[in-house]
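J.: Below: sequence and its predicted model.
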Number of protein chains: 2
Amino acid sequence: MPLIDTARFLQDLNELRQIGKYKTGVHRPTYSPQDMESRRWLVARLEECGLEAEIDGIGNVFGRHRGSGPHLLVGSHIESQNYAGWLDGALGVMAGVALARAGLPVDVAAFADEEGHFEGGFLGSKSLIGILSEEEIDRSRSRNDGQPLREALAAAGLAGRKRLRLDPLRYKGFFEMHIEQGTQLENAGLQAGVVTGIVAIWQWRIIIEGMQDHAGGTTMAERRDAGLTAVRLLAMLDQEMPKVCGPRSVWTTGRITLDPGAPSIIPGSADILFQFRDIDLPTLERMEDCLRRCVQEMNRRERCTVTLHNVSKSLPALCEPKMMAALDAAAERLAPGKWQRMPSGAGHDAQYIARVMPVAMLFTPSIKGISHHWAEDTKEEDLALCCEILGEAAKSYLEA
Amino acid sequence: MPLIDTARFLQDLNELRQIGKYKTGVHRPTYSPQDMESRRWLVARLEECGLEAEIDGIGNVFGRHRGSGPHLLVGSHIESQNYAGWLDGALGVMAGVALARAGLPVDVAAFADEEGHFEGGFLGSKSLIGILSEEEIDRSRSRNDGQPLREALAAAGLAGRKRLRLDPLRYKGFFEMHIEQGTQLENAGLQAGVVTGIVAIWQWRIIIEGMQDHAGGTTMAERRDAGLTAVRLLAMLDQEMPKVCGPRSVWTTGRITLDPGAPSIIPGSADILFQFRDIDLPTLERMEDCLRRCVQEMNRRERCTVTLHNVSKSLPALCEPKMMAALDAAAERLAPGKWQRMPSGAGHDAQYIARVMPVAMLFTPSIKGISHHWAEDTKEEDLALCCEILGEAAKSYLEA
């Protein structure tokens, strides 16, 4: 008899999909009525599996195995981006439920606000490892509508509830299953990805100060055009970054805001959101150095002033070799030749949990790589297969 | 006795400055109560000068000389940009009043909405030359708050009023005095600019379509980053435009909008506002050709699709040689060696009036080139001098 009841797993997933349903996806922003309904629904599922389940003071759903260890922690998040996919997060939580249903000694967690509807993001996993302060909660507001986090917690009925803390010594490790949110697996015709680590994201704001002027009255020679300096800097980064990056590095300009942004006014200032990602710290440091040199060169050449502001620097989180080996072996047994190792370019709760215990992640393919959109999807056979791989790997790693 | 009473001219200007006063500037958006107060105030001034004055159905203030010709038309606009300068427009209108006070046979006009608070812009000068249709008035809305133009006209008490039409045969030409809105005169230590013509503005929207994707899950090789293609195109224009432009050509990217504009999302589309200006039609055509070749090259090289949309193409308006010669002579007599000829990089009512009669413009310096801001200013001695130059030139041109 197989370890995992994959039919029941898919049935659970589809039941959860009805809560906050939007087209073929879901709309369950953190602490919304739909989100809270899904959390209560999850508590009932966890209790069905014999776990001791509760929702804590930051909204984490936590199901505790009643028996003896060694234990594993399994999970992900249950809220969604706005009008987004049915699997992002939910898949990893329901995989945890499936492992619990199979009788494995697992605790299951749905970490609150991985999706960052509130400033800070990753509220649940940060809170569980003890790095989310009350002051941070006091300050944080919704990125959607500015509502203070405290108000949202109160409206969700969570005010005054105790926040849980993980006991790292209870666990042999944390497994998170997630959709790939890319096309690497699909393009290679593969069914599973064993994640080697989660990239670090280093985010920057580049502010350029020039002089706002009338586009008709000011000659090219007189201009201090902040928009033009922005273009020149970004074109230089486009030339220079490939010389220092690693094979899987990525860098992205997400926004360029020219002020005032009118057709006949020379932009007086420019504000650029820029980020790069890699799993390797020395590579990240080379990319930062490249960025700083390009900014320095612009300040030498241009008539505008360029300043670089670091917004955030996360740390790369490497997966545990023994947990990866268990996933490799299970994948090769259940899907021979149809899996690969790969880094995760996106952030996940596992990157925080990795600070207190060994972690590993398993990726399912994403159809066309669509993510953060209601059209996100994965073939049912891939979902079922990966849940089986996860179950086998968890079992063998526990027994090792 | 000098032709122009410059003390009275400055007194009139300062009186007008009190209407809609904001810091050292004014706030008189078209058809606002402040704007309408200034128009009624102007009617009274024109009547003081013996002109037959009225406000027409689009808000033009028009003062008609009662005596025999040949006549000149003199004027500019009286509304301001939001929270903007006291001289932009008002200077040319009050110069017209000063010439009328001096007994010259001039009609004086304050053309409505040169500043383009309503879609279309230049409503008054277009209406006076017969190219503003009722349908255009029906369609136009405020760029500030979306109010339909018809509603704004009704609220200003102008609904149902007749719109005036110019009789071109009545006039030997149109003179418009205006602040430079640049620093050419100030930097050269000059007090007056005889305008050779008003540049044409060719405006474009460049739309780039790529693929929105997660900035972590999508490798550099897979991306179709619309923002990156935008940067490459604009960097190419920065390289190529100088090879085809004229000595006074200008080109400006006023806005770059990346969609969705988030730090961790590869932009799926980019929308760029781009324009160039020159007084010479073959130069404009070379610049358009350069723009089209760069777009074509991007479509060859890049993984995104770039489309070019023309927003508008105005025609360059050349000033009348005999009117310029009259201004040259008056400037050289009153400010020897302290003036120059120069093109106007900004649009003015004169560009529309030029379609039906000869025109000329005289520029005063702008302190630090500040324009469309309440800090805009010009030295009183320069204002007075230029009004004298205009009066002398008008007199000699009428007599020629």
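T.: Yep, it's here.

J.: buried ones in stretch A:119-129?
T.: Buried residues in stretch A:119-129, counted by 16 or more other Cβ atoms under 10 Å in any protein chain shown: A:120-129. Heads up, the C-betas are built off the backbone N, CA and C, glycines and all.

J.: any residues touching whichever strand or helix holds residue A:363, and which ones?
T.: Secondary structure from DSSP states H and E places residue A:363 in strand A:359-364. Residues lying outside strand A:359-364 but in contact with it, judged by Cβ atoms under 8 Å, 6 or more residues apart in numbering or on different chains, are A:87, A:91, A:173-180, A:185, A:191-195, A:198, A:317, A:319-320, A:323-324, A:326-327, A:331, A:342, A:344, A:348, A:350, A:353, A:378, A:382-383, A:386, A:389-390, A:393.

J.: Do I have it right that residue A:110 meets residue A:39?
T.: Yes. Between residue A:110 and residue A:39 there is a contact under Cβ atoms under 8 Å: 6.8 Å.

J.: Mind listing the shared neighbours of those two?
T.: By Cβ under 8 Å, 6+ apart, the residues touching both residue A:110 and residue A:39 are A:61, A:78.

J.: The two: who's more crowded?
T.: Using other Cβ atoms under 10 Å in any protein chain shown as the criterion, residue A:110 and residue A:39 rank with residue A:110 on top: 30 against 23.

J.: how close does that one get to residue A:38?
T.: 8 Å (Cβ to Cβ, to the nearest Å).

J.: Give me the common contacts of these two.
T.: Contacts common to residue A:110 and residue A:38, judged by Cβ under 8 Å, 6+ apart, are residue A:78.

J.: restrict the contacts of strand A:359-364 to those near chain B?
T.: The overlap between the contacts of strand A:359-364 and the neighbours of chain B (Cβ under 8 Å from any Cβ of the partner chain) comes to A:180, A:344.

J.: isn't there a strand covering residue A:109?
T.: Yes. Using DSSP: H, G, I helix; E, B strand; the rest coil, the assignment for residue A:109 is a strand.

J.: so residue A:309 makes contact with residue A:203?
T.: No. Residue A:309 is beyond contact range of residue A:203, at 9.6 Å (criterion: Cβ under 8 Å).

J.: With neighbour numbers in mind, choose between the two.
T.: Set side by side, residue A:309 and residue A:203 show more neighbours around residue A:203, with 19 against 10, by other Cβ under 10 Å.

J.: that's a helix at the more buried one, yeah?
T.: No. Read with three-state DSSP, residue A:203 is strand and lies in no helix.

J.: and it, what is it in contact with?
T.: A:273-275, A:310-313, B:263 are the contacts of residue A:203 under Cβ under 8 Å, 6+ apart.

J.: Now for those: which two are most distant?
T.: A:273 and A:313 (14.9 Å; Cβ to Cβ).

J.: which one of these two has more residues nearby?
T.: Applying other Cβ under 10 Å to residue A:273 and residue A:313 shows that residue A:273 carries more neighbours, namely 20 against 12.

J.: quick one: strands adjacent to the helix or strand hosting that one?
T.: Per DSSP H and E, residue A:273 falls inside strand A:269-278. Sheet pairing for strand A:269-278, assigned by DSSP bridges, gives strand A:200-209 (antiparallel), strand A:250-259 (antiparallel).

J.: Deepest-packed of the ones you listed, please.
T.: strand A:250-259 (a mean of 24; mean count of other Cβ atoms under 10 Å in any protein chain shown).

J.: Figure out how far the next helix or strand after that one is from the centre of its chain.
T.: For strand A:250-259, the following helix or strand on the C-terminal side (DSSP H and E) is strand A:265-266. Strand A:265-266 sits 39 Å away from the centroid of its parent chain (Cα atoms, centre = their mean, to the nearest Å).

J.: repeat for stretch A:86-99
T.: With Cα atoms, centre = their mean, you get 15 Å for stretch A:86-99.
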